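J.: Provide a 3D model corresponding to the input given below.
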Amino acid sequence: QVQLVESGGGSAQPGGSLRLSCAASGRSLNDYDMGWFRQAPGKEREFVAAIRRSGGHTYYSDSVKDRFTVSRENAKRTVALQMSSLKPEDTAVYFCAAGTPILSTVRQARGYFHWGQGTQVTVSS
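T.: Sure, this is the predicted structure:
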């Protein structure tokens, strides 16, 4: 079992940057692939980014590719999501998740079985 806590959310202007962190406790983070998802009001939870347990492979949704970067430091039990060139449509609650998804589920919530409580990101002028 692993417990996840997100931090770093807040408000930013369009074009700005924010860095989200996900701190893990309990079982080793080395045992899990990690994902970031987000959910805007009235919308379904959507995939944002993922990183394999070794850090060797990363995945991004088309909407954030080239703007967001996912990284991890297993020794520090943290996963980060660096968000740049933020847009109002990035406004959502962001969740980190741990799991062992296969390639077909790495972009799907059902590939992950441990979730944090989420952190709010608001992008507006």
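J.: quick one: the strands in this structure?
T.: 2-7, 10-12, 18-26, 33-39, 46-51, 58-60, 68-73, 78-83, 92-99, 112-115, 119-123 (DSSP state E).
J.: which residues touch the first one?
T.: Contacts of strand 2-7 from elsewhere in the structure, counted by C-beta atoms under 8 Å, 6 or more residues apart in numbering, are 20-27, 29, 31-32, 94-98, 114-119. Just so you know, the C-beta spots here come from the backbone N, C-alpha and C atoms, and that holds for glycine as well.
J.: the second one too?
T.: With contact meaning C-beta under 8 Å, 6+ apart, strand 10-12 is reached by Leu18, Leu86, Gln120, Val121, Thr122, Val123, Ser124.
J.: neighbours of the first one, how many?
T.: Think Leu18. 21 (other C-beta atoms under 10 Å).
J.: and if you look at the third one?
T.: Applying other C-beta under 10 Å, we find 12 other residues in the vicinity of Gln120.
J.: low-confidence stretches in the chain?
T.: By pLDDT under 70, the chain has no low-scoring segment.
J.: show me the contacts for the most centrally placed residue in it.
T.: Among the residues of the chain, the one closest to the centroid is Trp36, at 2.1 Å (C-alpha atoms, centre = their mean). Shown in contact with Trp36 (C-beta under 8 Å, 6+ apart): 20, 22, 47-50, 70, 79, 81, 94-97.
J.: which members of those are classed as buried?
T.: Neighbour counting over the contacts of Trp36 (16 or more other C-beta atoms under 10 Å) leaves 20, 22, 47-50, 70, 79, 81, 94-97 as the buried ones.
J.: now render those as CSV, adding distance to Thr105.
T.: Formatted as CSV, the buried ones among the contacts of Trp36 follow (distance: C-beta to C-beta, whole Å):
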residue, distance to Thr105
Leu20, 22
Cys22, 19
Phe47, 10
Val48, 15
Ala49, 15
Ala50, 10
Val70, 17
Val79, 18
Leu81, 20
Tyr94, 20
Phe95, 16
Cys96, 17
Ala97, 12
